[in-house]
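A.B. asks: I'd like to go over a predicted model; first the sequence, then the structure.
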Amino acid sequence: MMNLMQYITPTLVFPIVVLAAMFCLLSYYRHAMSPREGTLEWVTMASAAPRPMSFPRRRFPMRRKDALPLLLLTAVYAFTAFWNLGSFTNPQSFCQLSDGQTVTFTLAEPTAISRVMYYTGLNTGSYTLEASPDGETWYTLLSYEDEENNVSGLIWQENKTGSTLPAGLDSGNTSAALHQKYSDLFKWIDNTVLRTGEGPDPLSLEVRMFRLTGDPDAGDDWVELGELALYDADGQLITLRDISYTGEGASPLFDEGDTVPAMSTWYNSSYFDEIYHPRTAYEHIRGIYPYEISHPPLGKLIMSLGIQLFGLTPFGWRFMGTLFGVLMVPLLYVFLKNLFGKTVVAFCGTALFAFDFMHLTQTRIATIDTYGVFFILAMYYFMYRYLTLPAGTPFRKGALPLFLSGLMWGIGAASKWTVIYGAVGLALLYFIGLYFKWRDWPQEEDAPRFAPWLVKTLLFSVLCFVLIPAAIYTASYLPYAAAKGDTSLENLIKVMWDNQVYMLTYHEGVHTPHPYSSRWYQWIVDGRPILYYLDNKSGAAQGLKCAFGAFSNPVVCWGGLLAMIACAAQSFRRFRSKMLFFLLSGLVAAGAVIGVDGVLSAELDNLVRLRNLCLLVGGVLIYWVLGYLASKSFPRYSSKAMFILIGYLSQLVPWMFIGRITFAYHYFPSILFLVLALAYVFNDLVGRRAPGWRVAVYGTTGGAVALYAAFYPVLVGIMVPTWYTTNFLRWIPGAWPF
């Protein structure tokens, strides 16, 4: 018994409890939607004549009572999102050095250098830093790494033929001390001078005169450095008053010493894909042709607004994404209120999204995913507004929501291609809506004629969903064309088209293995977060660590998946149609896993193939069983459920057939529809007024908020005790990297 108890840990108990609670929610929902005992509801349900599916004609506007919950959720989320977002004070001026260009500077008195810290700017290459005590004998600062990669740091090597490594260092690899790789951009790089332990201590080398020479990589005309910080033997920063310099453009190296941090962290430096997107945003501001062209430009142009407001700082390049994340909260609230008409459902559904882990982490990192998700949410909201207009509504009354839906789709597609996946679902809903309107068109003599209405609607839709988005998409490439010196329409179209070819080729070729990559079947169960940042060294002596990554709140991920199965069962009228959907979707998913992911490839070990086969068969069988139970439990059909299902599948299914390396954050748009599915369940429970509905609805929401608070340190990068993350947050050992 004692041996068994040692395995019952919080990391085992918590996920089991949450998963069980989500199954209990679905079971309770199934029971609540069944005919009430002691009533004749079963007779009514059985005798009710089948009615055609249509989108509800009633829309629910916002009321005064919605103001408080909407503002409360927005304010709370905004505080948690903007708190400690990033440094406001990074270097803003840069020393630009072309190939072989040198700047010199001199210290007030000879000083031993123990540490060098510098802040990188645009372009890649390296810098050669030389120093001399007297102006005659010169030493070059080199980066050293022994052959076993156990010892690394900076060393001084005399500039003379046959010069060897300092005594006490074995043979190893040396390179320029001040490197500037593409993965180093907009970061504070920190290195210390090694103490060898034998022979003359390098820290006893006192130098006074310095030469810094640029060496840009091929393809770059220059490299730039934002700040150079030198520390004396006591570890004290050498201030500007002790430095004099000559050479054009040398002053930016030492003019912002107050921005030098104690250490380099995510707070004051770029991390993960921030080495790409803020760089591109900054290049747009400076009129430079961008380095990163693997995504459409508009998302980076939006990001550049934050940089122009707050400077080239972490807060500046993260600001717009975080702001858009905050704006999603009131937009989703309005969407849910329009969908269901209940304040409690709008509040709880919005809370689930506001306190979802990925929503927080992805909107705090300066990438373009946030903009895509925002515009997906907006374009589906306006499409729903259009679909709910009654058949026979004059064309003019439907023009505005149709135009806004197309506008949001156009802006979103120009920000990130994942919005295009969502547009497939949007188009399907649009044509389903047209069919419903044709079927239900009023036949009264004074009603508008259908044919003229249809012609005007189709022509206007071409304008809204094809021509305007195409114009927005093409216009977003103006900074590219301007950087090439030709903004003519002909060149603009050429630049845009060439980039489309490049992007297709690029994304098809992204197959380099990554330790935190994951596939779609891992996303839907929260199986493999992506780790964005890890610091387990600076606080190791105190038993602390800092780590954060992107994954979903288990309540939203697991509960939303079960709710989506319930929505799928209610998207079709007949039982056989429901089961056919589950049968075919399960087979398609299994085929994608086998064909695209190669889980049964002959190249794999037999035991691995057997394990994969068992997991695949088991997963499909569980899905079919849940689909069967949902189909039997929910005989009704609902256009709202169909709307949610189509949106979810349009974002998820394309990833089943994409063989490139993928990550958990690609699931971010799908989480919107998981939240809608849970809100759909909440709406039914509230509407039925089943006993205990408050416990189910508020309990699920409260559970999500509690997990948000518990996991907050590994969502925003707070230094916490290692025992906390290991014993309480690592729910899936080996997969959750906290």
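C.D. replies: Received it, and whenever you're ready, just let me know what you need.

A.B. asks: can you list the weak-confidence ranges in this structure?
C.D. replies: 1-7, 35-59, 146-151, 161-172, 195-203, 240-248 (pLDDT under 70).

A.B. asks: Of all the strand elements in it, which one is longest?
C.D. replies: strand 102-120 (DSSP state E).

A.B. asks: Can you give the distance of that strand from its chain's centre?
C.D. replies: 39 Å (CA atoms, centre = their mean, to the nearest Å).

A.B. asks: do stretch 585-601 as well
C.D. replies: 26 Å.

A.B. asks: same for the longest strand of the chain, what does it pack against?
C.D. replies: In terms of contacts (3 or more CB pairs under 8 Å, 6 or more residues apart in numbering; DSSP states H and E), strand 102-120 is packed against strand 178-180, strand 188-192, strand 206-216, strand 222-232, strand 243-246. The C-beta positions use only the backbone N, C-alpha and C, and glycine is treated the same way.

A.B. asks: Put together JSON lines for the ones you listed, with mean neighbour count on each row.
C.D. replies: Compiled in JSON lines, the helices and strands packed on strand 102-120 are given as follows (neighbours: other CB atoms under 10 Å):
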{"stretch": "strand 178-180", "mean neighbour count": "23"}
{"stretch": "strand 188-192", "mean neighbour count": "19"}
{"stretch": "strand 206-216", "mean neighbour count": "20"}
{"stretch": "strand 222-232", "mean neighbour count": "22"}
{"stretch": "strand 243-246", "mean neighbour count": "14"}
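
A.B. asks: Can you lay out these as a markdown table showing distance to residue 598?
C.D. replies: Shown next, in a markdown table, are those (distance: least, CB to CB, whole Å):
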| stretch | distance to residue 598 |
| --- | --- |
| strand 178-180 | 37 |
| strand 188-192 | 39 |
| strand 206-216 | 41 |
| strand 222-232 | 42 |
| strand 243-246 | 58 |
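
A.B. asks: Can you say which of those is nearest to residue 352?
C.D. replies: Of all the helices and strands packed on strand 102-120, the one in closest proximity to residue 352, counting by CB to CB, is strand 188-192 (37.3 Å).

A.B. asks: In what element of secondary structure is residue 292 found?
C.D. replies: Residue 292 belongs to no helix or strand when assigned by DSSP states H and E.

A.B. asks: That one - how many residues pack around it?
C.D. replies: Residue 292: 17 surrounding residues under other CB atoms under 10 Å.

A.B. asks: Could you do residue 504 as well?
C.D. replies: Here the count is done by other CB under 10 Å, and residue 504 has 11 residues near it.

A.B. asks: would you say it is within a helix?
C.D. replies: Yes - note on residue 504: a helix contains this position according to DSSP: H, G, I helix; E, B strand; the rest coil.

A.B. asks: Does residue 329 touch residue 356 like I think?
C.D. replies: No - with contacts counted by CB atoms under 8 Å, residue 329 stays clear of residue 356, the gap being 11.0 Å.

A.B. asks: okay, these two: which has more neighbours?
C.D. replies: Taking other CB under 10 Å, residue 329 and residue 356 do not tie; residue 356 has more neighbours (27 against 22).

A.B. asks: follow-up on the earlier one: run me through the strand neighbours of the next helix or strand after the longest strand of the chain, direction for each.
C.D. replies: Following strand 102-120 in sequence order, the next helix or strand is strand 125-132 (DSSP H and E). Using DSSP bridges, the strands paired with strand 125-132 are strand 139-146 (antiparallel), strand 178-180 (antiparallel), strand 206-216 (antiparallel).

A.B. asks: and of the helices and strands packed on strand 102-120, who's closest to residue 714?
C.D. replies: Nearest of the helices and strands packed on strand 102-120 (CB to CB): strand 188-192, 22.9 Å.

A.B. asks: quick one on the thing from earlier: so which of the helices and strands packed on strand 102-120 comes closest to residue 75?
C.D. replies: strand 188-192 (32.9 Å).

A.B. asks: Can you check what angle separates the closest one from strand 222-232?
C.D. replies: 40 degrees (axes from the mean of the first three to the mean of the last three CA atoms, to 10 degrees).

A.B. asks: residues near residue 235, how many?
C.D. replies: 9.

A.B. asks: my guess is it meets residue 115, correct?
C.D. replies: Yes - the criterion here is CB under 8 Å, and residue 235 meets it with residue 115 at 6.7 Å.

A.B. asks: Turn the strands paired with strand 125-132 into CSV, including distance to residue 567.
C.D. replies: As requested, these are exported to CSV (distance: least, CB to CB, whole Å):
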stretch, distance to residue 567
strand 139-146, 55
strand 178-180, 51
strand 206-216, 55
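
A.B. asks: how close does the residue sitting nearest the centre point of the chain sit to residue 315?
C.D. replies: Nearest to the mean C-alpha position of the chain, by CA atoms, centre = their mean, lies residue 362 at 3.6 Å. Taken as CB to CB, to the nearest Å, the spacing of residue 362 relative to residue 315 amounts to 17 Å.

A.B. asks: From the chain's centre, how far out is stretch 665-682? Work that out for me.
C.D. replies: So, by CA atoms, centre = their mean, the centroid of stretch 665-682 is 15 Å from its chain's centroid.

A.B. asks: The nearest residue to residue 258 once chain neighbours are set aside: which element?
C.D. replies: In this structure, residue 258 finds its nearest non-sequential neighbour in residue 89, 7.2 Å apart by CB to CB, 6 or more residues apart in numbering. Using DSSP H and E, residue 89 sits in no helix or strand.

A.B. asks: what's residue 89 in contact with, if anything?
C.D. replies: Counting by CB atoms under 8 Å, 6 or more residues apart in numbering, residue 89 makes contact with 258, 259, 313.

A.B. asks: can you check residue 666 too?
C.D. replies: With CB under 8 Å, 6+ apart, residue 666 has these contacts: 418, 520, 523, 655.

A.B. asks: packing partners for whatever helix or strand residue 429 lives in?
C.D. replies: Element membership of residue 429, judged by DSSP H and E, is helix 418-440. Contact partners of helix 418-440 among helices and strands, from 3+ CB pairs under 8 Å, 6+ apart: helix 369-387, helix 395-413, helix 450-462, helix 639-656, helix 668-688.

A.B. asks: now it against helix 395-413, angle please.
C.D. replies: Here helix 418-440 runs at an angle of 160 degrees relative to helix 395-413 (the same axes, to 10 degrees).

A.B. asks: Distance from the chain centre to helix 418-440, please.
C.D. replies: That offset, for helix 418-440, works out to 27 Å (CA atoms, centre = their mean).

A.B. asks: going forward, begin numbering at 14 instead of 1
C.D. replies: From this message on, residue numbering opens at 14, which makes the last subject helix 431-453.

A.B. asks: buried sites along that helix?
C.D. replies: Residues of helix 431-453 classed as buried: 431-436, 438-440, 442-443, 445-446, 449-450 (neighbour count, 16 or more other CB atoms under 10 Å).

A.B. asks: mind giving me the domain split of the protein?
C.D. replies: Domain assignment for the chain by automatic domain parsing gives 14-100+286-342+355-380+522-584+650-751, 108-273, 384-489.
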